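Novice: from the sequence below, what's the structure:
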Amino acid sequence: MSLAIASVGIVPSTAEKKLQSWIRSRHLICSRNFFIFETVDYTALERFSACIAALGGTVISVNSIGKFWIGAHRQVILYRVRASLHTPHHDLKEYWIKCGSFRTRFAQQI
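Specialist: Here you go, the predicted structure:
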C-alpha cells in the first residue's frame, strides 16, 4: 500500500507538538529506532507522514494489520505506519520515555 505525502507546509514545532499528542493518546510508540503509528483514520496517516517529513524523517512502511470492531455492526481497517526519525535536534524519544507507552491503544483489541 502506498501513501502519498501531501505537501502541506507544516512547521517543525507544530509537527513535534502533534507527534507528542499522538504519544500521549497511545497512537504513537517508539520501538528501537523506529516510531510506530496506529490508527483507523486514513487521513491521520497523511498527517503523520507530513509531520515526520517536516522533522526530517522518513516513512518506511504503511500496512493494514487487520480489522477492528467498533460496536456490534461496524468494522474498520487498522493501519500501522513505521517511520524513522534520525535527526539530532528532536527530543521525541525522551518525550515518549516520559509520557508514552510500550503498546498502542489498539494492541489488546486485535
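
Novice: longest strand of the protein?
Specialist: Using DSSP state E to define each element, the chain has its longest strand at strand 58-70.

Novice: what residues sit buried inside that strand?
Specialist: Residues of strand 58-70 classed as buried: 59, 62 (neighbour count, 16 or more other CB atoms under 10 Å). For glycine as for every other residue, the C-beta is placed from the backbone atoms N, C-alpha and C.

Novice: what stretches of the chain score poorly on pLDDT?
Specialist: Across the chain, the ranges flagged by pLDDT under 70 are 1-8, 87-90, 108-110.

Novice: look up how far residue 85 lies from the most centrally placed residue in it.
Specialist: A centroid search over the chain (CA atoms, centre = their mean) returns residue 37, at 2.7 Å, as the residue closest to the centre. Counting by CB to CB, to the nearest Å, the separation of residue 37 from residue 85 is 11 Å.

Novice: next: residue 58.
Specialist: Applying CB to CB to residue 58 and residue 85 gives a distance of 8 Å.

Novice: who touches both of these two?
Specialist: residue 52 (CB atoms under 8 Å, 6 or more residues apart in numbering).

Novice: returning to what we had before: how about the secondary structure of the residue nearest to the centre of the chain?
Specialist: The assignment at residue 37 comes out as strand when based on DSSP: H, G, I helix; E, B strand; the rest coil.

Novice: what helix or strand does the closest residue to it other than its chain neighbours sit in?
Specialist: Spatial nearest neighbour of residue 37, excluding adjacent residues (CB to CB, 6 or more residues apart in numbering): residue 81 at 4.4 Å. Counting by DSSP states H and E, the element that carries residue 81 is strand 74-84.
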